[in-house]
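[1] Okay, here's the prediction I keep looking at, along with the sequence it came from:
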Amino acid sequence: MKRILFNGFLLFSIYCHGQGTSNKYAVDSNLFRITLQSFRISRPFLYHLPMVTDQENIKEFTYLMEQKPSESNFKNYYKLACSCWQLNKLDEAETLLLNIIGCQEEFYATTYRHSSNVAGDTLNSLYGYGSFTSNYKNAAALYLAKLYLEQKNYTKALQHLEDAVKKYTVTYTCGTGNAFQQEEYTALYAYCYEGLKEYNKVLEVLLPHFFNTHEEMLIPTIKRLYTQREIEINLLNALTSMQCTFDTLPTLVIQSNDASGWDTITYYSGRATINLFGKSVVLYPAARKDVKRVTKEHFIASFKESRFYQQLVEATQPSKQATVPLRYDG
């Protein structure tokens, strides 16, 4: 349900983006496609999701394959590059995307600022709720990272991903947009490091997100790095190392209920920190209808009930040599 609500809010934000005041940066259907990819269970953000407009773009702009980006064609040039990638025309896409990265003209080198979509807000440079920046090279570098991941050229993929994240930086003041951007970056980094067999880096990237996603990569990575007995000890240490802080002001949460309505939940929340496989990881509790105040016991229960914990416990079951039971009662 959280993922459905998250994507619902993102789709709304994309619609608002289209209604925004800035006309410097044309946002096509790529953001909508990225949203759809987050519903995929395996390897999100790497799927091609072609649309009718992609065929139309290639038919209309294919002549640009023989040109370089210019002031008059740069928007259509970018559209053609994206559509070639979506339609799996990887050689053509690579050429176009590399030309975008290599172009030093202002239309591609600039990071554009987009104002928030608040009624009456007409300033492109105004940073308020929902404002963000965009950069053609950020998008092109991300496409190249995905292209090289498909070709199993993990070194090149990582290079372009690093450029997208650190060199062609884009930011979101809206929490939803920022969270989705970080989800994409996290997944792509993990794919690169996994392909390079740098499993410690995969663990470092994915472990902070163990509670919500990426079990299909994180669990095998842990099994590569740790024995069954070491996994048992680390899970027990995570529970015994838990430190909690609790809010002094109530948290208000609005969420859907089973009757397709909405519930308003007010309770005192907090957060917990655990030492998990040598790294400090923060836990946040789910919204609770049944309690007024979250306690340490709630954090312990949430951790032990998580898919991550359950899958690792199952992985340790064949171990017959354990002398300390995997048990923690608080």
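    Received the coordinates, thanks.
[2] could you point out where the stretch 201-330 of the chain is predicted with low confidence?
    Residues of the stretch 201-330 of the chain that meet the criterion pLDDT under 70 lie in 255-260, 287-288, 318-330.
[3] how does it look with 90?
    Residues of the stretch 201-330 of the chain meeting the criterion pLDDT under 90: 209-216, 250-268, 284-292, 314-330.
[4] The stretch 1-150 of the chain too?
    Using pLDDT under 90, the flagged stretches of the stretch 1-150 of the chain are 1-47, 113-132.
[5] Do you have the strands of it handy? List them.
    112-114, 132-134 (DSSP state E, counting those that start in this stretch).
[6] domains for this protein, by residue range?
    The record's domain parsing of the chain by automatic domain parsing lists 2-197, 209-316.
[7] With mean neighbour count added, can I get the ones you listed in JSON lines?
    The way it works is simple: take the backbone N, C-alpha and C, and place the C-beta from them, glycine included. As requested, the domains of the chain are exported to JSON lines (neighbours: other CB atoms under 10 Å):
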{"stretch": "domain 2-197", "mean neighbour count": "17"}
{"stretch": "domain 209-316", "mean neighbour count": "15"}
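[8] what about these, which gets the closest to residue 203?
    When the domains of the chain are compared by CB to CB, domain 209-316 sits nearest residue 203, at 5.4 Å.
[9] now the end-to-end length of the closest one.
    For domain 209-316, the first-to-last residue distance is 22 Å (CA to CA, to the nearest Å).
[10] Take the domains of the chain and write them to JSON lines, including distance to residue 203.
    JSON lines is the format used below for the domains of the chain (distance: least, CB to CB, whole Å):
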{"stretch": "domain 2-197", "distance to residue 203": "9"}
{"stretch": "domain 209-316", "distance to residue 203": "5"}
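[11] wouldn't residue 74 be in contact with residue 107 here?
    Yes: counting by CB atoms under 8 Å, residue 74 sits close enough to residue 107 to count as a contact (4.7 Å).
[12] right, and the strands of the stretch 1-150 of the chain - which one's nearest residue 240?
    Of all the strands of the stretch 1-150 of the chain, strand 132-134 sits nearest to residue 240, with 42.1 Å by CB to CB.
[13] Return the list of helices and strands in contact with that closest one.
    For strand 132-134, the elements it packs on are strand 112-114, judged by 3 or more CB pairs under 8 Å, 6 or more residues apart in numbering; DSSP states H and E.
[14] same thing but 10 Å
    helix 2-18, strand 112-114, helix 175-195 (3 or more CB pairs under 10 Å, 6 or more residues apart in numbering; DSSP states H and E).
[15] For it, what is the distance to the chain centroid?
    Centroid displacement of strand 132-134 relative to its chain, using CA atoms, centre = their mean, to the nearest Å, is 17 Å.
[16] repeat for stretch 177-187
    How far stretch 177-187 lies from its chain's middle: 3 Å, per CA atoms, centre = their mean.
[17] quick check: mean pLDDT across that stretch?
    In this model, stretch 177-187 has an average pLDDT of 91.
[18] Show the pLDDT at residue 154.
    98.
[19] what touches both of residue 74 and residue 107?
    Common contact partners of residue 74 and residue 107 (CB atoms under 10 Å, 6 or more residues apart in numbering): residue 136.
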